[in-house]
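1. Kindly return the folded structure for what I paste below:
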Amino acid sequence: MTELKNKITKEEEFKYYDTTYRDAYMYNCYPENSQYYPVWERIIKILDKKERIYEIGCGSGQLAHLLFNSGCNYLKGFDYLPVAIEMAQKLNPKHAEKFSVLDIYQQREVFQKADTIICTEVLEHLDNDLHVLKLLKPGTRFIFSVPNYRAKTHKRIFNTIDEIVNRYSGLSIKEYYKFVRKNAKVIHLIDSVKI
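-> Residues are numbered from 1 along each chain as shown. Prediction:
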């Protein structure tokens, strides 16, 4: 794992995300047109339709949209950005009440009802990514993805599965998938269970 030293304040980070969500194609396109679609497609394939799913860092609701359309039991999606939640509600109007603004550093009990927590492309942005593991009750399925490439708001990147296993030692890894994008950018997708 490589820790990155991004020199960006919390205020600058919030403003950056707000602008990015509003303007970037990848957050405004149909989910099937997203660069993340292969990852999301794999998630749908490995889920049991009966699992009660919560999503941490639901963003603009694109994965949720696919999960709803696949008949998955998506209960709640959370993000700390109001603009992301507005976009998720707009993309999923029949399920708008399932999306909420939430600061995960202030919550714990809200996640106890989930069988499965999905957290894609989030952990690398958090100052305290290990806090997320504390939210999970033992036996909770945790499906997450992390990248190997640098970005303005990434706090860390992962080059190998061993780095991921070492960082998130409170998880039992069930399956690992590697998605290679352009320019050798990799997204690591991990299906795990909280020990």
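
2. From now on I want contacts and neighbour counts done on CA atoms only, so please keep to that.
-> Fine.

3. Following the helix or strand where residue 144 lies in sequence, what is the next regular element?
-> Using DSSP states H and E, the secondary-structure element containing residue 144 is strand 141-147. The helix or strand immediately downstream of strand 141-147 is strand 156-157, counting by DSSP H and E.

4. Can you list the strands that that following strand pairs with?
-> For strand 156-157, the pairing partners within the sheet under DSSP bridges are strand 2-3 (antiparallel).

5. Show the average pLDDT along the partner strand.
-> Confidence over strand 2-3, taken as the mean pLDDT, stands at 78.

6. what distance separates that strand from the middle of the whole chain?
-> If you compare the mean C-alpha spot of strand 2-3 with that of the full chain, they lie 19 Å apart, counting by CA atoms, centre = their mean, to the nearest Å.

7. who does the strand holding residue 144 pair up with?
-> strand 116-120 (parallel), strand 186-194 (antiparallel).

8. Redo the ones you listed as a markdown table? Include mean neighbour count, mean pLDDT and distance to residue 145.
-> Output for these, formatted as a markdown table (neighbours: other CA atoms under 10 Å; pLDDT from 0 to 100; distance: least, CA to CA, whole Å):
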| stretch | mean neighbour count | mean pLDDT | distance to residue 145 |
| --- | --- | --- | --- |
| strand 116-120 | 24 | 97 | 5 |
| strand 186-194 | 21 | 98 | 4 |
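
9. for the chain, which spans come out with low pLDDT?
-> Scanning the chain for pLDDT under 70 picks out 6-7, 108.

10. switch the cut-off to 50
-> Scanning the chain for pLDDT under 50 picks out no residues.

11. mind checking how far the longest helix along it is from the chain centre?
-> As assigned by DSSP state H, the longest helix anywhere in the chain is helix 10-23. Centroid separation for helix 10-23 versus its chain: 17 Å, with CA atoms, centre = their mean.

12. Report the buried residues of that helix.
-> Within helix 10-23, the residues that qualify as buried are 17, 20, 21, counting by 16 or more other CA atoms under 10 Å.

13. Quick check: next helix or strand after that helix?
-> Later in the chain than helix 10-23, the nearest helix or strand by DSSP H and E is helix 25-28.

14. tell me which strands and helices that following helix is in contact with?
-> Contact analysis of helix 25-28 by 3 or more CA pairs under 8 Å, 6 or more residues apart in numbering; DSSP states H and E lists helix 10-23 as its packing neighbours.

15. which helices and strands does the helix it packs on pack with?
-> In this structure, helix 10-23 packs against helix 25-28, helix 82-91, with contacts taken as 3+ CA pairs under 8 Å, 6+ apart.

16. Make sure residue 132 is indeed in a strand.
-> No - note on residue 132: no strand contains this position according to DSSP: H, G, I helix; E, B strand; the rest coil, which reports helix.

17. Please work out which residues outside the longest helix of the chain touch it.
-> Residues from elsewhere that reach helix 10-23 (CA atoms under 8 Å, 6 or more residues apart in numbering): 27, 28, 60, 81, 83, 84, 153.
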